[in-house]
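Colleague: let me see the structure of the following:
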Amino acid sequence: MSARRNYLLALLTAILAFNYVDRFALGVLLQDIKVDLGLTDTQLGFLTGLAFAVFYAVMGIPIARWADRGNRVTIISVTVALWSVAVGACALARSFSQLLLMRMGVAVGEAGCYPPALSLISDYFDRAERPRAVARYMLGICLAFGIGYFAAGWLDQYYGWRVTFLALGIPGVLLAILAALTLYEPRRGKGVDARTGPETENAESASPPTPSSKEVLRTLWANGTFRHIFLAFSVWGFFGYGIQQWLPAFFARSHGLSSGELGTWLALVNGVVGFFATLIGGELASRYAAHNERLQLQAISVVYTICAVMLMGVYLAPSYRLAFALLAIYVAGAFGANGPLFAATQTIVPPRMRAMSISLMYFFCNLIGMGLGPLAVGALSDALRPWAGEESMRYALLAFCPGYFWCAWHFWRASESVARDIAAARFRESSPDDGGLAICRSN
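Modeller: Prediction:
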């Protein structure tokens, strides 16, 4: 990879890390916020779920349309600055309603991260390189686990949740300035090849105009592979976000871990194991299945089946050490699937629909998943409390684990049509200008 592409990938990865840091940190801070502000589990579920997800999902659509048409570097810079300031402002909240308003501001800013970044990466890397590149980008989530859990756990233990929010907001402002000053938008120069730099003429740069929203929706709905990935992602959102957001609270309540201990364990399992699993997953896909998205999706289906079993073991384990060992196996599988999954999603749609496709996936994943998942777990935990007492969260989370079987079924169905849909996407993008001759290109 050229120095330009390496730099872009490194900076976007750092930005993605801080996009997720505050969400993971919030999970560690929930118990102290609950005590300080006198909140219920249902209120916390609403705060971390529906209230955040509605703004995140709704704002993602117009931002994605902007990303498919305009300057993606500008979008990334502005939104990073917005969410970073909002995260720091959470430190000022003195009531549930004030914290709710701050989280809404965070959601609006964070909606501008994924669509323009993945669209940029797909311009800079071809089909064969894409799983590896996207996997390296997804390493930002692993870094977020490490920073969010470890730093937030110890900062909270020694300085409190307010100082923690303030400290986590500062780096994002610096990254926003760096992105604005140093990243390059390939659309600004005609005939520029993003893969080699501004000096090279690119025969593929004369791309067709951005399709209308109606045309995008019609094309994506007709794509069977995208439909099943979209449904799998939405289902995962409900079960996965619900499990993820309440995982720290489960270990604190059922195993009695302090925030510092909890942050360290979660950082090791999610950060370290997730880092290497993500890297290896992308490398395996690019090396052994570079043009075989069918095999990639089938492997993801098998992995998600295993993940469901491992998660159930986490909540049934008698000790926290065994629970973390099983969680590590789950993390290895789930994170290893990220690179091939998002790379396939970008490959099955035409380039001028890539940001919109990701935004639509996150719209429903976050509205249904992030919006209702944590809220449902919190409400179920409250409902089970008369029967299970302090163990109510354990059983609420256990009830959510089988959702991963449902996701696995959709990924397998997606694998059955992926080859046909990739060919259709490439033909559709090239046929308006050259009668389909460019179908041989590796978009």
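
Colleague: all helices of the stretch 101-250 of the chain, in order?
Modeller: Taking DSSP state H, counting those that start in this stretch as the test, the helices found in the stretch 101-250 of the chain are 114-124, 130-145, 152-159, 161-182, 213-222, 224-255.

Colleague: format those helices as CSV; extra columns: mean neighbour count, distance to Gly271 and mean pLDDT.
Modeller: Every residue, glycine included, has its C-beta placed from N, CA and C. Shown next, in CSV, are the helices of the stretch 101-250 of the chain (neighbours: other Cβ atoms under 10 Å; distance: least, Cβ to Cβ, whole Å; pLDDT from 0 to 100):
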stretch, mean neighbour count, distance to Gly271, mean pLDDT
helix 114-124, 26, 20, 82
helix 130-145, 25, 4, 82
helix 152-159, 20, 12, 83
helix 161-182, 19, 15, 90
helix 213-222, 14, 34, 79
helix 224-255, 23, 14, 86
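
Colleague: next one: Val314, what pLDDT does it get?
Modeller: Per-residue confidence (pLDDT) for Val314: 93.

Colleague: tell me which element it is part of?
Modeller: Assigned by DSSP states H and E, Val314 belongs to helix 293-316.

Colleague: list the helices and strands the next helix-or-strand element following that helix packs on?
Modeller: With elements assigned by DSSP H and E, the helix or strand that comes after helix 293-316 is helix 320-336. Contacts defined by 3 or more Cβ pairs under 8 Å, 6 or more residues apart in numbering; DSSP states H and E place helix 320-336 against helix 130-145, helix 224-255, helix 274-288, helix 293-316.

Colleague: just how off-centre is helix 320-336 within its chain?
Modeller: Put simply, helix 320-336 sits 18 Å off its chain's centre (Cα atoms, centre = their mean, to the nearest Å).

Colleague: same check, this time on stretch 256-276
Modeller: From the chain centre to the centre of stretch 256-276 is a distance of 19 Å (Cα atoms, centre = their mean).

Colleague: again with stretch 19-39
Modeller: Relative to its chain's centre, stretch 19-39 lies at 19 Å (Cα atoms, centre = their mean).

Colleague: now do the buried residues in that stretch.
Modeller: 19-34, 37, 39 (16 or more other Cβ atoms under 10 Å).

Colleague: quick check: longest helix of the protein.
Modeller: For the chain, the longest helix by residue count, based on DSSP state H, is helix 3-37.

Colleague: list the helices and strands the helix or strand following it packs on?
Modeller: Using DSSP H and E, the helix or strand that follows helix 3-37 in sequence is helix 41-48. Other elements packing on helix 41-48 under the criterion 3+ Cβ pairs under 8 Å, 6+ apart are helix 3-37, helix 96-110, helix 371-388.

Colleague: quick one: mean pLDDT over helix 41-48.
Modeller: Regarding helix 41-48, the rounded mean pLDDT is 76.

Colleague: relative orientation of that helix and helix 371-388 in degrees?
Modeller: Using axes from the mean of the first three to the mean of the last three Cα atoms, to 10 degrees, the direction of helix 41-48 lies 160 degrees away from that of helix 371-388.

Colleague: helices or strands next to the helix or strand just after helix 41-48 in the packing?
Modeller: Downstream of helix 41-48, the next assigned helix or strand under DSSP H and E is helix 50-69. Here helix 50-69 touches helix 72-89, helix 96-110, helix 114-124, helix 354-364, helix 371-388, going by 3+ Cβ pairs under 8 Å, 6+ apart.

Colleague: of all these, which one is nearest Ala51?
Modeller: Closest of the helices and strands packed on helix 50-69 to Ala51 is helix 96-110, at 5.5 Å (criterion: Cβ to Cβ).

Colleague: now the angle from that closest one to helix 50-69?
Modeller: Using the same axes, to 10 degrees, the direction of helix 96-110 lies 20 degrees away from that of helix 50-69.

Colleague: who are the packing partners of helix 96-110?
Modeller: helix 3-37, helix 41-48, helix 50-69, helix 72-89.

Colleague: CA atoms only for the shortest one, dumped as CSV, please.
Modeller: Extracted as CSV, the C-alpha positions of helix 41-48 are listed here (Å, rounded to 0.1, in the frame of the first residue of the first chain):
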residue,chain,number,x,y,z
ASP,A,41,-32.4,0.5,34.6
THR,A,42,-35.2,1.4,32.2
GLN,A,43,-34.1,5.0,32.1
LEU,A,44,-30.5,4.0,31.5
GLY,A,45,-31.7,1.7,28.7
PHE,A,46,-33.6,4.6,27.1
LEU,A,47,-30.6,6.9,27.5
THR,A,48,-28.2,4.5,25.9
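
Colleague: neighbouring contacts of that helix?
Modeller: Outside of helix 41-48, the residues within contact range by Cβ atoms under 8 Å, 6 or more residues apart in numbering are 23, 26-27, 30, 33-34, 39, 96, 99-100, 103, 245, 374-379, 381-382, 393.

Colleague: I am finished for the moment; much appreciated.
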